[in-house]
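Asker: Sequence first, then the predicted structure:
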Amino acid sequence: MHESVLIKEVVDLLVVKPGGFYIDGTLGNGGHTSAILEKAGAEGAVLGIDRDKQALERAGRALEKYGARVRLVHGNYADMADIAPANGFKAVDGILMDLGVSSEQLDEGGRGFSFSKDGPLDMRMDASSGEATAADLVNGLQEDELRKIISEYGEERMARQIARFIVKERTRASISTTGDLAGIVERAVGGRRGRIHPATRTFQAFRIKVNDELGSLERGLAGGLNLLSPGGRMAVISFHSLEDRIVKRFFASHAGKWESLQAGGQRWIGEKPVVKIITKKPLAASEPEMNGNPRSRSAKLRVAERTGSD
């Protein structure tokens, strides 16, 4: 069963208050939502959003005891600016986005996220979306397009070699399973050289591309910030450098600074609405949590607070 990471830290840094309204943009199994609802008390409420229908079903069962205090919506957190008002959440006290892939998604071979369990090369968070699958990309894109995806989204230094092998192998037969792709990558890089599977970065790259994860993150950050009430906080848990970099830069652009003018007075240099950065450096999981939940080892939590000085 998937374990939500940094639960205590999230609740503490969101400063969850009795009667508060919150958004969990990446509901998963509902672990964070449950903790927020417990702290928010009988008058508090959470809007839980997830692209994965199976995750919504699991979370619905786990959160059933909270009744109308939790509202679950199938959708992309990138669209929360529209989803939240439509569900009665027009100004909220806090927003959480946990950007990781759940253990259930990785463990279920049929979803195509895992190179350790053979299954269809899908990788869509929302299988009902009609979006292109990883197999569509792997078999349809030109070699240079494949190299760019693997290099930029996977930060894989052997991207050119991997793309070349993919194109060569697909001329013999369509690449249709996770095992097919993992084997090709392994051969392209010359086999395994340590604990981490050589296909890890390539699988990350195609998952990010298939689900437009970085574009969704940028839209979700912008839409969410405008939903926060003054004093409301946004917490984001990322699991790789591409995501963390986007969050860091977004918060910094809205933290901005005041610049003195020669003629007197000041002007604001930065984006609006204005935020105060709460975590100067990203917060990591504690050693006990990392020992108990290895997935938390790469987690980074950043938090910003919307100010009232717009």
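Answerer: Sure thing, it's come through. Numbers count the residues shown, from 1 in each chain.
Asker: Helix or strand: which one has the closest residue in space to residue 308 that isn't next to it in sequence?
Answerer: Among residues not flanking residue 308 along the chain, residue 230 sits closest, at 3.6 Å (CB to CB, 6 or more residues apart in numbering). For every residue, glycine as well, the C-beta is placed using N, CA and C. In this structure, residue 230 sits in strand 228-238 according to DSSP states H and E.
Asker: ok, that strand: who's next to it in the sheet?
Answerer: When sheet partners are counted by DSSP bridges, strand 228-238 sits next to strand 92-98 (parallel), strand 300-306 (antiparallel).
Asker: Distance from it to the middle of the chain?
Answerer: Relative to the centre of its chain, strand 228-238 is centred 15 Å away, using CA atoms, centre = their mean, to the nearest Å.
Asker: What is the subsequent helix or strand relative to that strand?
Answerer: Heading C-terminal from strand 228-238 (DSSP H and E), you reach helix 241-255.
Asker: That following helix - contacts with which helices or strands?
Answerer: Packing partners of helix 241-255 (3 or more CB pairs under 8 Å, 6 or more residues apart in numbering; DSSP states H and E): helix 213-225, strand 228-238, strand 275-277, strand 300-306.
Asker: Distance check, residue 25 against residue 5.
Answerer: 15 Å (CB to CB, to the nearest Å).
Asker: the more surrounded of the two?
Answerer: A direct count of neighbours by other CB atoms under 10 Å for residue 25 and residue 5 places residue 25 higher, at 29 against 24.
Asker: Could you pull up the contacting residues of that one?
Answerer: Residue 25 is in contact with 49, 77, 80, 95, 96, 97, 220, 224, counting by CB atoms under 8 Å, 6 or more residues apart in numbering.
Asker: center of this structure - which residue?
Answerer: Taking CA atoms, centre = their mean, the centroid of the chain lies closest to residue 99, which sits 2.0 Å from it.
Asker: I'd say that one and residue 242 touch.
Answerer: No. Under the criterion of CB atoms under 8 Å, residue 99 is not in contact with residue 242, lying 10.0 Å apart.
Asker: What count of nearby residues applies to residue 249?
Answerer: The burial count assigned to residue 249 is 12, neighbours taken as other CB under 10 Å.
Asker: now do residue 222
Answerer: Residue 222 sits with 15 neighbouring residues when counted by other CB under 10 Å.
Asker: Give me the residues contacting stretch 255-266.
Answerer: 267, 268, 269, 270, 271, 274, 275, 276, 277, 304.
Asker: how about residue 19, secondary structure?
Answerer: Here residue 19 is coil, with the state taken from DSSP: H, G, I helix; E, B strand; the rest coil.
Asker: check contacts around it.
Answerer: With CB under 8 Å, 6+ apart, residue 19 has these contacts: 40, 41, 43, 44.
Asker: how close does residue 280 get to residue 254?
Answerer: Distance, residue 280 to residue 254, by CB to CB: 15 Å.
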